[in-house]
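Enquirer: next input, structure requested:
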Amino acid sequence: MGFFDLFKKKQDTSAAQQQPEVAAEAEKRELEAGLEKTKSGFFSKLTRAIAGRSTVDAEVLDELEEVLITSDVGVETTVKIIERIEARIARDKYMNTSELHSILREEIASLMEESHSSEQNFGIEVKPGTPYVMMVVGVNGAGKTTTIGKLAAQLVRAGNKVVIGAADTFRAAAIDQLAVWAERAGATMVRQQMGSDPASVAYDTLRSAVASGADVVLIDTAGRLHNKVGLMNELTKIRNVMAKVIPDAPHEVMLVLDGSTGQNAFEQAKQFTQATQVTSLTITKLDGTAKGGVVIGISDRFHIPVRYIGIGEGIDQLKMFDRKEFVRAMFGDEKQ
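Expert: Prediction:
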């Protein structure tokens, strides 16, 4: 499925649209390339763990547990995976190590299926006269501003009118960077002076979006992980102010996490989910790290749908997350 198939407004007449099989194959190759460091790192560890072993016994499972944890899958999720494999061994009575690859693939796919449930294919729902409002949160350096810029560019390309609100008013660099992205994307940006009240920026952004008939609003927020109470109060104030303009805004709160930080991403997710109602996740910078296992762990632990993953610097390398394609890129096709 292409990035904007779920909420495209205009018919795409590009060559990729006319040749869906070619486009799909290109998407697969790009995803595989983006996850290559994670895949190669994981399987090199797994190969060493089962070298010289013929059956999956307690010792092999201990080694596998270490492989999963050191691949940043997380302790809680790793325990679940190991327990599932133990249950299969108990049921089948015997499992050789050559089967472990496919068994892991199946169990991780099943785990992610449970974590995402029916929310896997949700999309941005653009309604005439009411902009879809997305508030974007995350720490500085996670790729939040870049994600907003890439998303805005692709939304505009799909035929949507986009307004960006620069509500991270604590860093001049953030406002300037967002302005560059807005211009590149062809989106409108609403900003105030550095140090202005973020809620005021959000309010002005939504009023401007409604007045101009915008389809989508993207609100950037400050990326400081200060004390939990301060973070909660700030985000709550922004939400309350936006609701005065559009009663059910924001329609989505997207948390951007840097996949290359591994276990630190878990802590960031914990902090932000406690501070506000996060409804979706974007995990960035997966192409430059062997820590892509964090996607599996965060998806399982927080039961919040992963909406996008970043697998490169290119504007088209912010991809709508597909759990089945992610597992396939990590473990290969079922027949392999």
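
Enquirer: for beta bridges, what are the partners of the residue nearest the centre of the chain?
Expert: Residue closest to the mean C-alpha point of the chain, counted by CA atoms, centre = their mean, is T282 at 2.1 Å. With DSSP bridges applied, T282 shows beta-bridge pairing to V256, Y308.

Enquirer: so it sits right up against P305, yeah?
Expert: No. With contact defined as CB atoms under 8 Å, T282 and P305 do not form a contacting pair (10.5 Å). Glycine gets a C-beta too; all of them are placed from N, C-alpha and C.

Enquirer: the chain: helices as residue ranges?
Expert: In order along the chain, the chain carries the following helices (DSSP state H): 15-18, 20-34, 36-50, 58-70, 75-92, 100-116, 144-157, 172-185, 198-212, 228-245, 263-275, 294-302, 323-331.

Enquirer: tabulate these (JSON lines), appending mean neighbour count.
Expert: JSON lines is the format used below for these (neighbours: other CB atoms under 10 Å):
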{"stretch": "helix 15-18", "mean neighbour count": "11"}
{"stretch": "helix 20-34", "mean neighbour count": "15"}
{"stretch": "helix 36-50", "mean neighbour count": "17"}
{"stretch": "helix 58-70", "mean neighbour count": "17"}
{"stretch": "helix 75-92", "mean neighbour count": "15"}
{"stretch": "helix 100-116", "mean neighbour count": "18"}
{"stretch": "helix 144-157", "mean neighbour count": "24"}
{"stretch": "helix 172-185", "mean neighbour count": "17"}
{"stretch": "helix 198-212", "mean neighbour count": "20"}
{"stretch": "helix 228-245", "mean neighbour count": "16"}
{"stretch": "helix 263-275", "mean neighbour count": "18"}
{"stretch": "helix 294-302", "mean neighbour count": "24"}
{"stretch": "helix 323-331", "mean neighbour count": "19"}
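
Enquirer: let's have those helices in TSV, adding mean pLDDT and distance to V126.
Expert: Formatted as TSV, the helices of the chain follow (pLDDT from 0 to 100; distance: least, CB to CB, whole Å):
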stretch	mean pLDDT	distance to V126
helix 15-18	49	19
helix 20-34	79	23
helix 36-50	84	34
helix 58-70	90	40
helix 75-92	91	35
helix 100-116	83	23
helix 144-157	94	9
helix 172-185	90	16
helix 198-212	96	12
helix 228-245	87	17
helix 263-275	88	26
helix 294-302	89	26
helix 323-331	83	24
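
Enquirer: nearest to I315 among these would be which one?
Expert: Put simply, out of those the one that sits nearest I315 is helix 144-157, at 5.3 Å, with distance taken as CB to CB.

Enquirer: any idea how far V75 is from the closest residue to I311 other than its chain neighbours?
Expert: Taking CB to CB, 6 or more residues apart in numbering as the measure, I311 lies nearest to G34, with 2.7 Å between them; neighbours along the chain are not counted. As judged by CB to CB, to the nearest Å, G34 and V75 stand 26 Å apart.

Enquirer: show me what contacts the residue nearest to I311?
Expert: G34 is in contact with L286, D287, I309, I311, G312, Q317, A329, counting by CB atoms under 8 Å, 6 or more residues apart in numbering.

Enquirer: for these, which one is nearest G213?
Expert: Q317 (30.2 Å).

Enquirer: one step back: contacting residues for the residue nearest to the centre of the chain?
Expert: With CB under 8 Å, 6+ apart as the criterion, the residues that contact T282 are T147, M254, L255, V256, L257, V306, R307, Y308, I309, G310, L318.

Enquirer: list just the nearest of these to E66.
Expert: Distances from E66 to the contacts of T282, taken as CB to CB, are shortest for L257 (24.0 Å).

Enquirer: and the closest one, how many neighbours?
Expert: Neighbours of L257 under the rule other CB atoms under 10 Å: 27.

Enquirer: excluding its backbone neighbours, what's nearest it?
Expert: Across the structure, with CB to CB, 6+ apart as the measure, the residue nearest L257 apart from its sequence neighbours is A265 (4.4 Å).

Enquirer: settle this for me: that neighbour is touching L281, isn't it.
Expert: No. Assessed by CB under 8 Å, A265 is found out of contact with L281, at 9.5 Å.

Enquirer: what residues are shared contacts of the two?
Expert: Looking at what touches both A265 and L281 (by CB under 8 Å, 6+ apart), the common residues are L257, I298.

Enquirer: out of the helices of the chain, nearest to T130?
Expert: Evaluated with CB to CB, these place helix 198-212 nearest to T130, the distance being 8.1 Å.

Enquirer: returning to what we had before: give the contact list for the residue nearest to L257.
Expert: Under the contact definition (CB under 8 Å, 6+ apart), the residues listed for A265 are L257, D258, G259, I283, V294, I298.
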